[in-house]
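Asker: please find the sequence and the predicted model below.
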Amino acid sequence: MSNNNLMKKIRKKQFVKVCGAFDVMSAKLIEKVTPSFDAIWGSGFGISTARALPDAGIITMTELLDAVRFMAEACNIPVIADCDTGYGGPTNVAHLVKKFERAGIGGICMEDKIFPKENSLFKDGKQDILSKRDFVSKLVAAKNARKNPDFLIKS
């Protein structure tokens with residue numbers, strides 16, 4: 001399914017099936033073994049833990065970009081990148097969108113948490129979120145940086 005087809009389903013509020021991957025092999029398995037998935041989720045948790053790191057914003061934007069770009073190059077369905085908190089403020093997010101879109105990624109998802117974030121699976125984890133104003137400014141920066149309206153920006 002092309003990113004265009006994925007966005008058509010989303011715009012029509014149709015059910016979209018997405019499965020998480022942490023490297024190229026897991027992405028290819030998702031695509032080949034379960035062809036009913038509409039997209040691959042480039043899981044920040046999975047990519048971090050595959051490198052023996054906690055899901056705490058330790059991997060860099062370029063490390064995540066490399067991981068999801070390899071997935072996108074190997075697969076025929078869109079890859080959506082879990083970009084944690086966006087790797088900084090609005091300017092960083094705009095840069096991220098340009099890089100990920102140029103790399104052929106189908107879209108990004110950002111959390112509204114304050115950096116450094118804690119994974120929501122931690123028992124008694126601290127889940128501090130940005131102010132509405134600060135998070136909206138990141139979303140606006142992402143939208144303004146996007147060239148293709150079919151590049152998914154999700155929070």
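Answerer: Received it, and whenever you're ready, just let me know what you need.
Asker: apart from its neighbours in sequence, what residue is nearest residue 29?
Answerer: Ranked by Cβ to Cβ, 6 or more residues apart in numbering and with sequence neighbours excluded, the top spatial neighbour of residue 29 is residue 21, at 8.0 Å. Backbone N, C-alpha and C define where each C-beta goes, glycine included.
Asker: and the residue positioned nearest the centre of the chain, what element?
Answerer: The centre of the chain sits closest to residue 81, judged by Cα atoms, centre = their mean, with a distance of 2.1 Å. Using DSSP states H and E, residue 81 falls within strand 79-82.
Asker: buried residues in the helix or strand following that strand?
Answerer: Heading C-terminal from strand 79-82, the first helix or strand you meet, by DSSP H and E, is helix 90-102. Buried residues in helix 90-102, counted by 16 or more other Cβ atoms under 10 Å: 90, 93-97, 100-101.
Asker: do stretch 117-136 as well
Answerer: Using 16+ other Cβ under 10 Å as the test for burial, stretch 117-136 gives 117-119, 130, 135.
Asker: let's verify the closest residue to residue 34 other than its chain neighbours: helix, strand, or coil?
Answerer: Leaving aside its sequence neighbours, residue 34 sits nearest to residue 19 (Cβ to Cβ, 6+ apart; 6.7 Å). Recorded secondary structure, residue 19: strand (DSSP: H, G, I helix; E, B strand; the rest coil).
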